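**Student:** below: sequence and its predicted model.
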Amino acid sequence: MTQAPLVTILDDEPAIRTMLADALEEAGFRTLGFARATEFEAALKTATPDVCLVDLSLPDRDGLTLVHRLALEQGATVIIISGRAQVQDRVTGLELGADDYIIKPFDPAEVVARIRARLRREKPTTQTGNTARFNGWTAHFDSYMLEDETGTPTPFSHAEGEVLRLFLERPKRLISRAVMQETLGGAAGDSFDRAMDVRISRLRTKLKEDPKNPRLIKTIYGAGYIFLGDVNWT
């Protein structure tokens, strides 16, 4: 029998951990709760979460630094839950690799709904697999790794992987901002647009693109993006 998805909850407030755990377990998820980043990081050596809920205001570690490391090293979806409501905090969290940002106070039902939506989007489509080859590159979506022609690996974050998969599944087709927002989720607006710009910029860097004249990910000003590579999925 397939196990239910595991959600880790990192928040130093016991009431919030309990509230989220109760709502998630009632919805059929497994949960593990942690008050400190050190406890959470130790648990990651033996546990493989599907979703990490991370508060930014932790007593022993900067939450944004932890989010960035999780995004690069773990295959889990990372959702920030924070009382920091400023636009810049949300933008920074998304730029560092978070998949979503939920502001306190929140309705636990909304958190459950967002987690379910994220997990639905992560399921591979019937048309594609977990490995794509294009223009001398190989993208491994099961290990979040890019390989060049020499086999040199470069990691990419979960959030960057979502954007890369979107491009590779729709080569040589215009992808508008509206399509990106609908497919990847998140509230439309300046923070979403800026987060997408940052992720695309990082992907171009990892693909060794000339920022002034990229060969693969072309910007169509006022319309969106086109991925110009030839893609083979396995």
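**Tutor:** Received it, and whenever you're ready, just let me know what you need.
**Student:** just the residues contacting the longest helix belonging to the chain, thanks.
**Tutor:** As assigned by DSSP state H, the longest helix anywhere in the chain is helix 190-206. Helix 190-206 has contacts (C-beta atoms under 8 Å, 6 or more residues apart in numbering) with 87, 90-91, 94-95, 146, 154, 156, 159-160, 163-164, 177, 180-181, 184, 186, 211, 214, 216-217, 225. Placement of C-beta: from N, CA and C, glycine included.
**Student:** ok, of the residues you listed, which come out buried?
**Tutor:** 90-91, 94-95, 146, 156, 159-160, 163-164, 180-181, 184, 186, 214, 216-217, 225 (16 or more other C-beta atoms under 10 Å).
**Student:** thinking again about what came up before, now the longest helix of the chain: buried residues?
**Tutor:** Buried residues in helix 190-206 (16+ other C-beta under 10 Å): 191-192, 194-196, 198-200, 202-204, 206.
**Student:** put the alpha carbons of that helix into CSV.
**Tutor:** In CSV, the C-alpha atoms belonging to helix 190-206 read as follows (Å, rounded to 0.1, in the frame of the first residue of the first chain):
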residue,chain,number,x,y,z
ASP,A,190,4.5,41.7,-9.2
SER,A,191,5.8,39.2,-6.6
PHE,A,192,5.0,36.2,-8.9
ASP,A,193,6.5,37.9,-12.0
ARG,A,194,9.7,38.8,-10.1
ALA,A,195,10.0,35.2,-8.7
MET,A,196,9.6,33.8,-12.3
ASP,A,197,12.2,36.3,-13.6
VAL,A,198,14.7,35.1,-11.0
ARG,A,199,14.1,31.4,-11.6
ILE,A,200,14.4,31.8,-15.3
SER,A,201,17.6,33.9,-14.9
ARG,A,202,19.1,31.1,-12.7
LEU,A,203,18.1,28.5,-15.2
ARG,A,204,19.8,30.4,-18.0
THR,A,205,23.0,30.7,-15.8
LYS,A,206,23.0,26.9,-15.1
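**Student:** so after it, what's the next helix or strand?
**Tutor:** strand 217-220 (DSSP states H and E).
**Student:** buried residues in that next one?
**Tutor:** Buried, per 16+ other C-beta under 10 Å, within strand 217-220: Ile217.
**Student:** now for that strand, which elements pack on it?
**Tutor:** helix 190-206, strand 224-227 (3 or more C-beta pairs under 8 Å, 6 or more residues apart in numbering; DSSP states H and E).
**Student:** quickly run through the sheet partners of that strand, with directions.
**Tutor:** strand 224-227 (antiparallel) (DSSP bridges).
**Student:** what's the partner strand in contact with?
**Tutor:** Counting by C-beta under 8 Å, 6+ apart, 167-168, 170-177, 179-180, 200, 216-220 sit against strand 224-227.
**Student:** the same query, at a cut-off of 6 Å, please.
**Tutor:** Applying C-beta atoms under 6 Å, 6 or more residues apart in numbering, the contact partners of strand 224-227 are 167, 171, 174-177, 217-219.
**Student:** could I get the helices and strands packed on strand 217-220 in JSON lines, plus columns for distance to Ile9?
**Tutor:** Listed next are the helices and strands packed on strand 217-220 as JSON lines, based on distance: least, C-beta to C-beta, whole Å:
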{"stretch": "helix 190-206", "distance to Ile9": "23"}
{"stretch": "strand 224-227", "distance to Ile9": "35"}
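**Student:** for these, which one sits closest to Asp22?
**Tutor:** helix 190-206 (30.1 Å; C-beta to C-beta).
**Student:** SS state for the most centrally placed residue in the chain?
**Tutor:** The residue lying closest to the centre of the chain (C-alpha atoms, centre = their mean) is Ala159, at 3.0 Å. Classification of Ala159 by DSSP: H, G, I helix; E, B strand; the rest coil places it in helix.
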